[in-house]
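Peer 1: Here is my input, please return the structure:
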Amino acid sequence: MLSHEEIAQKDKNIVLIGFMGVGKTTIGQHLAKKIGRDFIDVDAQIEQKYGMPVTQIFQSLGEKAFRQMEKDYILDVCSNSQHKIISLGGGAFLQDEIKNICLSTSNVVYLNISWETWKQRLHLIIDSRPILQNKSMEEIEQLFYTRQNSYSSNHASVNIDGLGFEEAADHLIQTLDL
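Peer 2: Reported below is the predicted structural model:
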């Protein structure tokens, strides 16, 4: 296991956090390509490992089982790798162990988006996000604002309102001085 003191700042993983559908995966892929790093989407890795989509894991095994899978994977990748771009699922940072390992081993960047901008994306993601299933717009808005508190622990916050994915990746490069 790598001690965070042993990892040079420039070699640390970059962990992207933020609400579901904010663009962590797409922005992370653009960022990784621009700076020559490997990209890891935690949800995609879990889906690959367990051979089923996250929605099916939620339905058949439950959210608690998924959160354990998520925690095990993130603790492993943050403890044993560097120089990666890692996209976390929107609920991952609610777990203190995940938050602590990410903050101590990586550069954590919060991709911030306004409720109004995010709401315009809802139709694109609602079917693939189990946590949004059977929720009213008021319940989704409450979830959006409740989760903002967990994202407040970070090394950098980037507002992506009005930015395309390429622009957002460029803004991250500037913000992190890469």
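Peer 1: contacts and neighbour counts: CA atoms only from here.
Peer 2: Fine.
Peer 1: Dump the C-alpha coordinates for the longest strand along the chain into CSV.
Peer 2: Selection of the longest strand in the chain by residue count, based on DSSP state E, yields strand 106-112. The C-alpha coordinates for strand 106-112 follow below in CSV (Å, rounded to 0.1, in the frame of the first residue of the first chain):
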residue,chain,number,x,y,z
SER,A,106,-5.7,11.6,-4.4
ASN,A,107,-6.6,15.1,-5.7
VAL,A,108,-10.4,15.2,-5.3
VAL,A,109,-12.2,17.5,-7.7
TYR,A,110,-15.9,18.3,-7.3
LEU,A,111,-17.7,18.9,-10.5
ASN,A,112,-20.4,21.4,-9.5
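Peer 1: Kindly export the very next helix or strand once past it (C-alpha atoms) in CSV.
Peer 2: Taking DSSP states H and E as the definition, the helix or strand that follows strand 106-112 towards the C-terminus is helix 115-119. Backbone C-alpha positions of helix 115-119 (Å, rounded to 0.1, in the frame of the first residue of the first chain) are rendered in CSV as follows:
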residue,chain,number,x,y,z
TRP,A,115,-30.0,22.4,-10.1
GLU,A,116,-31.4,24.2,-13.1
THR,A,117,-28.7,23.0,-15.4
TRP,A,118,-28.8,19.4,-14.0
LYS,A,119,-32.6,19.2,-14.3
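Peer 1: Tell me, how many residues neighbour residue 57?
Peer 2: If you count neighbours by other C-alpha atoms under 10 Å, residue 57 ends up with 19.
Peer 1: Return the residues in contact with it.
Peer 2: Neighbouring residues of residue 57 by C-alpha atoms under 8 Å, 6 or more residues apart in numbering: 63, 65-66.
Peer 1: Look up phi and psi at it.
Peer 2: Recorded main-chain torsions at residue 57 are phi -60, psi -50, according to degrees, to the nearest 10.
Peer 1: what's the spacing between stretch 117-130 and its chain's center?
Peer 2: A distance of 16 Å separates the C-alpha centroid of stretch 117-130 from that of its chain, computed with C-alpha atoms, centre = their mean, to the nearest Å.
Peer 1: Thank you kindly, that will do.
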